[in-house]
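[1] Turn this into a model:
(4 chains)
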Protein chains: 2
Amino acid sequence: MPKPSPKSSGSLLSLDRQLCFAVYSTAHAFARRYKPLLDALGLTYPQYVVMLVLWEEDGLTVGDIGARLLLDSATLTPLLKRLEAAGLLTRERDPEDERRVRIRLTDAGRELRAKAESVPRAIGCATGLDLAEMERLQGELLKLRDALG
Amino acid sequence: MPKPSPKSSGSLLSLDRQLCFAVYSTAHAFARRYKPLLDALGLTYPQYVVMLVLWEEDGLTVGDIGARLLLDSATLTPLLKRLEAAGLLTRERDPEDERRVRIRLTDAGRELRAKAESVPRAIGCATGLDLAEMERLQGELLKLRDALG
DNA sequence: CACTATTAAATCGCGCACGATCAAATCGTG
DNA sequence: CACGATTTGATCGTGCGCGATTTAATAGTG
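    All right, here's what the predicted structure looks like:
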């Protein structure tokens, strides 16, 4: 008779064996944790991530942002329009190449960075992990993501 | 002068330090990998996860499913209606307690399980991880999720 | 130079995900 | 038994996320 698996009695189709579900539900758990912090900034999580990119490098095109975040223009265009409506950035065609749209922070957009400074530490505490563990886990996830991608 | 951090030159607000972004973008990478496999079954990823739950235990209420998947009725009700329209399950009020709605697989719903059997292995290969690594990473993620939760 | 191919962004449609609200059924307490 | 509180699911509005298509600008080719 075949030796039974030491862990998890179900088949490979069992929910508790799905690495993907662990990633999926952890992403939602993060979103719920971020929400009250980001509400104070008037941002959603995807908007916050776009602002992170722009705080690192301003004047990117829609495509540049999409390449960093793995999102396409169908997602970014409406999101960027909402950030523009909120007064955090401007969108204008690049005169060098009219196909491109350059995204630039406004003063309000740059000033929001100071308020956002406290967010990573608050989330970090909530994870219950120390910095080294977080970096190791992050590295494994990015490796997995790139293997999938 | 302060000793510079050995890794990652940016601040805590830098995208490449955000564990959350690693989880978020890995979840999307998984979704993209699953899509062609699930298209063959006529399911989206969230629908597939609901089917996983029902293949393990049939006759659950909407709330039972939500508790397992951490989703609420605003997400599940329309999703379940689509699965009902696809002929995979039935939705009916529990005569014992008319507030509850019992979800039951149809024959077609049960039969779909056989087709789904090949999905986890195909995904597992794409991760580039062996079973032990997958289980360890999954365990760490669930621990993180519950800490956030 | 004309013409095609490619690229960048916008648009449309659909399906989550969730906060807020609502209606109905049930439970609890007096 | 009556009546307020709780539970369960449905509904509505907003914002992603992405496949498919469209439009405009640019690059490449004969």
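[2] Measure how buried A:Ala126 is and give me the count.
    Each residue near A:Ala126 was counted by other C-beta atoms under 10 Å in any protein chain shown, and the total is 17. The C-beta positions use only the backbone N, C-alpha and C, and glycine is treated the same way.
[3] where along chain A do the helices fall?
    A:19-39, A:45-56, A:62-69, A:73-85, A:107-116, A:119-127, A:131-148 (DSSP state H).
[4] what about the top strand by length along chain A, average pLDDT?
    If you go by DSSP state E, chain A has its longest strand at strand A:97-105. Averaging pLDDT along strand A:97-105 yields 97.
[5] One more: stretch A:124-131?
    Mean per-residue pLDDT for stretch A:124-131: 91.
[6] what does stretch A:56-74 give?
    According to the model, stretch A:56-74 has a mean pLDDT of 97.
[7] try stretch A:113-120
    Rounded mean pLDDT across stretch A:113-120 is 94.
[8] Also stretch A:14-29?
    Rounded mean pLDDT across stretch A:14-29 is 92.
[9] before we move on, what about stretch A:32-50?
    Here the average pLDDT along stretch A:32-50 is 96.
[10] could you redo the helices of chain A as TSV and give each row distance to chain B?
    What follows is the helices of chain A, written out as TSV (distance: least, C-beta to the nearest C-beta, whole Å):
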stretch	distance to chain B
helix A:19-39	4
helix A:45-56	5
helix A:62-69	7
helix A:73-85	10
helix A:107-116	6
helix A:119-127	4
helix A:131-148	4
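[11] Quick one: name the residues of chain A near DNA strand C.
    By C-beta under 7 Å from any atom of the strand, the residues of chain A that approach DNA strand C are A:24, A:28, A:31-32, A:35, A:61-63, A:66, A:73-74, A:76-78, A:80, A:91, A:99-101.
[12] Return only those of those found close to DNA strand D.
    Within the residues of chain A next to DNA strand C, those near DNA strand D by C-beta under 7 Å from any atom of the strand are A:73-74, A:78, A:99.
[13] Can you tell me how far whichever residue of chain A sits closest to DNA strand D is from A:Arg99?
    Chain A approaches DNA strand D most closely through A:Ala74 (3.0 Å), counting by C-beta to the nearest atom of the strand. Using C-beta to C-beta, to the nearest Å, we find A:Ala74 at a distance of 16 Å from A:Arg99.
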